[in-house]
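# Have a look at this prediction, sequence included:
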Amino acid sequence: MDSLHIYQNSYTFIVVFMFVAILLPIVALSAGKLLRPHQPTKEKMTTYESGIEPFQDARVQFNVRYYLFALMFVIFDVETVFLYPWAVAYEQLGIFALIEMLIFIVVLFLGLVYAWKKGVLRWR
Amino acid sequence: MGTLSLLVFSPFIGLIALLLAGKQSDNITKRIAAFSSLIPLILSILVYAQYQAGSGLSEILRWVQFEVGEQTLTLNYELAVDGFSVILILLTTIIAVLAVFTSSWQIKQNSHLFFMLMFLLEFGILGVFSADNLILFFIFFEITLIPMFFLIGKWGGTDREESAFSYIIYNGLGSMVLLIAIAAIFVTAGTTNFSEAAEYFRTSNEAGLQLGIAIAFLIAFGVKLPIFPLHSWMVKVHVHAPPALVMIHAGVLLKIGAYGLIKFGVGILPASFTTLAPLIAILGLVNLLYGAYLALVQEELRSVLAYSSISHMGIILLGVAALNEAGIQGAIFQSVSHGLISALFFLLVGILLVRTRTTNLRKLSGLARLTPVLAGFFLVAALAGLGLPGMSGFVSEFTVFLGIFENMPVIGAIGTLGIIMTVVYMLRAILKMTYGTYRNMFGDMNDLGMGELIPATILLICIVVIGVYPNTIALTVQQTLETLLVGIGG
Amino acid sequence: MDIQTLLSFEWGMMAPEFTILIVGILLSLLDLFGKDTWKKSLPWLAVGGVGVAIIFLLFQYGHGDISILGNTYVFDSFAFYFKLILLIATLLILLMVISRTVQQEVRDRGEYLYLLLAALLGGMMVASGGDLISLFVGLELLSLSSYIMVGLRKRDVRSSEGAMKYLINGSIATAFTLFGMSYVFGLTGSTKLVDIAREMSGSLGSGEPVAIIGFIIMFVGLAFKISTVPFHMWTPDVYEGAVTPVSAFLSVVSKSAGFIIIVRIFWGIFGNATFGGSDTLFATMIDFIAVLAFLTMFIGNLVALRQRNMKRLLAYSSIGHAGYILIPLVSLTPVSLENIWFYLLAYAFMTIGAFMVIYILEQQKQSEDISIFTGLYRESPALAIIMTIFLASLAGIPGTAGFIGKFNIFVGAVAADPAQYILAGTMAVMTVVSYIYYFNIMVQMYIRKPQLEGTTKIARLQSVPLILCVAGTIGLGVFPFIALNFFH
């Protein structure tokens, strides 16, 4: 069960990283608070918007269609991510991978057709 | 299909006839019901005759098989009767016919559905007494639950739904305990056939398990009988159910408890029941005295009868606890005798209710002046109930006490107190009702008509015949009794 | 993997799955491009597809064990029998969908159908999965389709609420399952059930605690699917929010799939793992499952007493039934698998039947309250009697399938070593508790008078699933040996 010890030991790194990750912002922010001068004026308290004066409420409603587009984008993004390594390693993978990839693309294509017919691609 | 299967399924003739006839006028429905209720009676007489002639009635059909490891567990559809069950079958069909006849003038609404449920109930009861293995017994036992629930809940008195639920909860619990016990027997003995299971437990030495099963039986049948702390549902049913149904309920259904205790308890697990005998005797004593005491203070005739039933069931328990020939014979006698007497009582209660709509003793005071014949029948029934010599009640109580004095004289001595109290409460209730001061609350009332006189007379004749010539039953159950005694070792 | 090995697999064994897949895709395409006049007959295509799949499956009866694609797809008798339940149940539910009379209920009718088929496909993959990955993918296909199906009534608040709750709870459950699987993978270095079982049959040594954590976490994740207490909270809301056929689907198919994957993983992996030198790991963890079973029976049945909405009532009753089915899982006798199978089959018939009756009444009376049953015997004696049969079966009254199922479980529990008397006793008591709410419905039907005089009619299409369910319930109750012999 040596492999198990290695397996369990590798969690030590994670624990160390977790502590560092928690401590770093706490230390940085509290140190900054202690060191910097604190002189608030009215102008300084307003929301920072790249130098422009803030003109509306921070909560803005986006059109729900953005989400649909975003979802569509993610799907095809993942497809590309999946296709590249396959294309590079095609020589080794052989015919089986080709069939699998074809199935994958057909499924995605069906999804695209569905979205298209349901009017997702049209901005109304 | 043998005679026995034919008998068990014969109530379906009435059920299907009613179903096919559809919603006819009340008269036609009642006529169909009355005629088809005679079919099971005729068949049961046939079965009785065949049993007396000694011809084999048992039937067997393969049903389900389980394979647990190397063990193969088989469940069959098997029917058989012995002396005890053949008498109870006869009792069932007689009372069922009378109940159907009497209900035809008591049930005003939905008589169509009422009779169909009655036939379903009869089917269940006949199955219970004909089953030759525990599973089949249990199946029929559960089938009686549903029609009873609806019959109480739909046609009962004021608290009908509550009574129906209390019935289903108590009896459901009882039957679930029974089911676990049956499963335990099934797994250990590999069979649920009565005689095979008895054979197995005679040689096996799992005393703890046997005792557990015996206690489960005591609880399961104790609910049905009922035994003291489990009795509240039964009082409700007695008071709130329609009287025609209580004829069957008190007359036959309660006897399933006695039947189960004697046939399974004593029959399959004699050793454990010998261990439990003192407990059963004490429970019986409590039942006897508690029932009698409460019957003494009731103001409702139906409550008096309910507690009197509890008291009488105590006598059955005493008989079982005696575990000797006289005791068990007495318990069997008491089952039949109490069945007939309570059926007669509730037949009369039904007749009374149609006329007065109440069974309050105070309101009914002076009934003899209005309806002398009805009052006379009440008195005779009460005399039978308190065990007047020459009637069936005497024979059974006498034999039970003969048995119990042989083994447990102290308990027997205390038990006689209960008998005295029985006399007191019976006479108090009936005399108060029939000969009290006349109040003239109901105006004119007809006395018994022909249709009411005949059923009452039939029951009375049965009671007297058993009382005068007990051998009618004794000879039939002789063989069964001997088999049981071999198990006990007496 | 070259083309020769690929072709050497017996792809024919996957015919039922392929049928469902092809019909599902065909349905989606026809729904998108077909004419409106065709769309009326789409449900029949789905029914036909499931029917053909059943026929394909039946041809495989008695076929030897087969594995395809390096044990990711296995065909064995276990897969065969449980797939049959899934297919039959889905067929009944599709018939239920067809029978509806109110058309406005769900707009997107096409999705309804092929999501059902997709979920079914997921369930079948679970039944045949021989690899943690393929089991998981099958389960997710089932779950994701179910989430959408629950939310199909877009304009209904309860539907959206149910779908949201189901999605969130389901995702948490999925995370749990995966987390547990990762432990098992970490311990054995494989996702194939065969390899895992082989690795685990040796001594686990210091890996024992890891294996136990994996066991518990994975069981918790899967317990969501079969809705055992305390992971049952979503069930009533989801059942209430979903369209009735979907509730029936979740209650029967989804739950069966949950039991299938539990049996497959836990008996397959942990049933072989030795623990502490003597017992199997599964045997030592029995108490954990026993406690869950106890709580599930107890809380499911008790809470059901207070329900007035019929679908919520059936949801709690289905929780109670899940508790009953956990008992054979704990008892570990040779008949356990048979008991689970028989109970699930009986449960499919009686539950779908009960949902069907509710569905008919719900469409006519626009309500799901228990009062839809008030005076039903006078309005429609046939429907009242049919409902009585289903209720009797759910309550376990003899003569119905439910009784045989319960009796089998009792026998199994008592025959087990050590005998599970406490669980059997709990089941007995809870059965009596369930009498109260089942009989309460009967009181409504027979004893109470209807509020409005009127008749309830059963349309011809509605009678088809009803008759099939009644036949199944009574048939399995009177002739249980037909099913039991078939199983051997």
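Good, I have the coordinates.
# and whichever strand or helix holds A:Phe109, does that touch chain C?
Assigned by DSSP states H and E, A:Phe109 falls within helix A:95-117. Yes. Against chain C, helix A:95-117 shows contacts by Cβ under 8 Å from any Cβ of the partner chain at A:95-96, A:99, A:110, A:113-114, A:117. Yep, even glycine has a C-beta here, placed from its N, CA and C like the rest.
# Show me what residue of the stretch 151-300 of chain B gets nearest to chain C.
Residue nearest to chain C within the stretch 151-300 of chain B: B:Met176 (3.5 Å; Cβ to the nearest Cβ).
# residues of the helix or strand hosting A:Leu23 that come out buried?
Assigned by DSSP H and E, A:Leu23 belongs to helix A:2-35. Within helix A:2-35, no residue counts as buried by 16 or more other Cβ atoms under 10 Å in any protein chain shown.
# and if you look at stretch C:144-160?
C:144-153, C:156, C:159.
# Contact residues of chain C facing chain B?
Within chain C, the residues that sit near chain B (Cβ under 8 Å from any Cβ) are C:333-335, C:377, C:392, C:397-399, C:403-404, C:407-408, C:410-415, C:421, C:424-425, C:428-429, C:431-432, C:435-436, C:439, C:442-443, C:446-447, C:480-481, C:484-485, C:488.
# still on that earlier bit, could you give the mean pLDDT of the helix holding A:Phe109?
Across helix A:95-117, pLDDT averages out at 87.
# what do you get for stretch B:287-301?
91.
# ok, now stretch C:158-175?
Stretch C:158-175 comes out with an average pLDDT of 93.
# That one close to chain A?
No. Stretch C:158-175 stays clear of chain A (Cβ under 8 Å from any Cβ), getting no nearer than 14.5 Å.
# Quick one: residues in contact with that stretch.
For stretch C:158-175, contacts defined as Cβ atoms under 8 Å, 6 or more residues apart in numbering or on different chains pick out C:139-140, C:143, C:146-148, C:150-154, C:220-225, C:231, C:233-234, C:237-243.
# So for it, what gets flagged as buried?
Within stretch C:158-175, the residues that count as buried by 16+ other Cβ under 10 Å are C:159, C:161-167, C:169-170, C:173-174.
# circling back to that earlier point, which of the residues of helix A:95-117 next to chain C count as buried?
Buried by 16+ other Cβ under 10 Å: nothing, out of the residues of helix A:95-117 next to chain C.
# where in the stretch 301-450 of chain B is pLDDT low?
Applying pLDDT under 70 to the stretch 301-450 of chain B flags no residue at all.
# contacting residues for the residue of it found nearest chain C?
Nearest to chain C, among the residues of the stretch 301-450 of chain B, is B:Leu353, at 20.2 Å (Cβ to the nearest Cβ). Residues in contact with B:Leu353 (Cβ under 8 Å, 6+ apart) are B:106, B:243, B:359.
# Serialize those residues to TSV and add fields for secondary structure and distance to C:Leu92.
Converted to TSV, the contacts of B:Leu353 look like this (DSSP: H, G, I helix; E, B strand; the rest coil; distance: Cβ to Cβ, whole Å):
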residue	secondary structure	distance to C:Leu92
B:Gln106	helix	44
B:Pro243	helix	45
B:Thr359	coil	52
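# Just send those back as a markdown table, with distance to chain A and neighbour count too.
Putting the contacts of B:Leu353 into a markdown table (distance: Cβ to the nearest Cβ, whole Å; neighbours: other Cβ atoms under 10 Å in any protein chain shown) gives the following:
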| residue | distance to chain A | neighbour count |
| --- | --- | --- |
| B:Gln106 | 68 | 18 |
| B:Pro243 | 69 | 26 |
| B:Thr359 | 73 | 21 |
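# same for chain C: which of the residues you listed are within range?
Residues of the contacts of B:Leu353 in contact with chain C (Cβ under 8 Å from any Cβ): none.
# C:Ala248 contacts C:Thr90, doesn't it?
No. Contact criterion Cβ atoms under 8 Å: C:Ala248 and C:Thr90 do not qualify, at 10.1 Å.
# got any ranges where the stretch 101-250 of chain C has weak pLDDT?
C:102-108, C:203-204.
# ok, 90 please
C:101-114, C:129-130, C:151-158, C:184, C:186-191, C:193-215, C:225, C:229-233, C:243 (pLDDT under 90).
# Residue of it closest to chain B, please.
In the stretch 101-250 of chain C, the residue that lies nearest chain B is C:Val229 (21.1 Å; Cβ to the nearest Cβ).
# quick revisit: in space, what's closest to the residue of the stretch 151-300 of chain B closest to chain C - neighbours in sequence excluded?
Leaving aside its sequence neighbours, B:Met176 sits nearest to C:Ala428 (Cβ to Cβ, 6 or more residues apart in numbering or on different chains; 3.5 Å).
# need the contact list for that neighbour.
C:Ala428 touches B:173, B:176-177, B:179-180, C:410, counting by Cβ under 8 Å, 6+ apart.
# Check the offset of the strand or helix carrying it from the chain's centre.
Using DSSP H and E, C:Ala428 sits in helix C:421-442. How far helix C:421-442 lies from its chain's middle: 21 Å, per Cα atoms, centre = their mean, to the nearest Å.
# Of all the residues in that helix, which ones are buried?
Those buried within helix C:421-442 under the rule 16+ other Cβ under 10 Å are C:423-424, C:426-442.
# so who does the closest residue to C:Gly51 other than its chain neighbours touch?
Using Cβ to Cβ, 6+ apart and skipping the chain neighbours, the partner closest in space to C:Gly51 is C:Leu91 (6.7 Å). Applying Cβ under 8 Å, 6+ apart to C:Leu91 gives the contacts C:47, C:50-51, C:54.
# what element comes up after the helix or strand encompassing C:Leu91 heading to the C-terminus?
Element membership for C:Leu91, per DSSP H and E: helix C:77-98. Sequence-wise, the next helix or strand downstream of helix C:77-98 (DSSP H and E) is helix C:109-128.
# could you give the angle of that following helix to helix C:77-98?
Going by axes from the mean of the first three to the mean of the last three Cα atoms, to 10 degrees, helix C:109-128 is angled at 170 degrees with respect to helix C:77-98.
# Any part of the helix or strand just after helix C:109-128 near chain A?
Sequence-wise, the next helix or strand downstream of helix C:109-128 (DSSP H and E) is helix C:132-150. No. Residues of helix C:132-150 are not located near chain A by Cβ under 8 Å from any Cβ, the shortest gap being 11.8 Å.
# near chain B, which residues of chain A?
Counting by Cβ under 8 Å from any Cβ, chain A has no residue next to chain B.
# B:Asn446 should be in a helix, yeah?
No. B:Asn446 is assigned coil when assessed by DSSP: H, G, I helix; E, B strand; the rest coil, not a helix.
# Relative to B:Thr102, how far out is it?
Applying Cβ to Cβ, to the nearest Å, the value for B:Asn446 to B:Thr102 is 16 Å.
# ditto for C:Asp131
Going from C:Asp131 to B:Thr102 by Cβ to Cβ gives 71 Å.
# now C:Pro236
48 Å.
# sorry, back to before: next, give me the two most distant ones among the buried residues of stretch C:144-160.
The most widely separated members of the buried residues of stretch C:144-160, counting by Cβ to Cβ, are C:Leu144 and C:Asp156 (20.4 Å).
# May I see the domains of chain A written out as residue ranges?
Annotated domains of chain A cover A:2-45, A:65-117 [automatic domain parsing].
# Can you say which of those domains is nearest to B:Gly487?
Nearest of the domains of chain A to B:Gly487, taken as Cβ to Cβ: domain A:2-45 at 62.2 Å.
# How far away from the center of its chain is that closest one?
Using Cα atoms, centre = their mean, the offset of domain A:2-45 from its chain centre is 22 Å.
# can you tell me the average pLDDT over it?
Mean pLDDT, domain A:2-45: 85.
# re earlier: what's the ChimeraX syntax to select whichever of the contacts of stretch C:158-175 are buried?
Burial among those is assessed by 16+ other Cβ under 10 Å; the matching ChimeraX selection reads:
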select /C:139,140,143,146,147,148,150,151,152,153,220,221,222,223,224,225,231,234,237,238,239,240,241,242,243
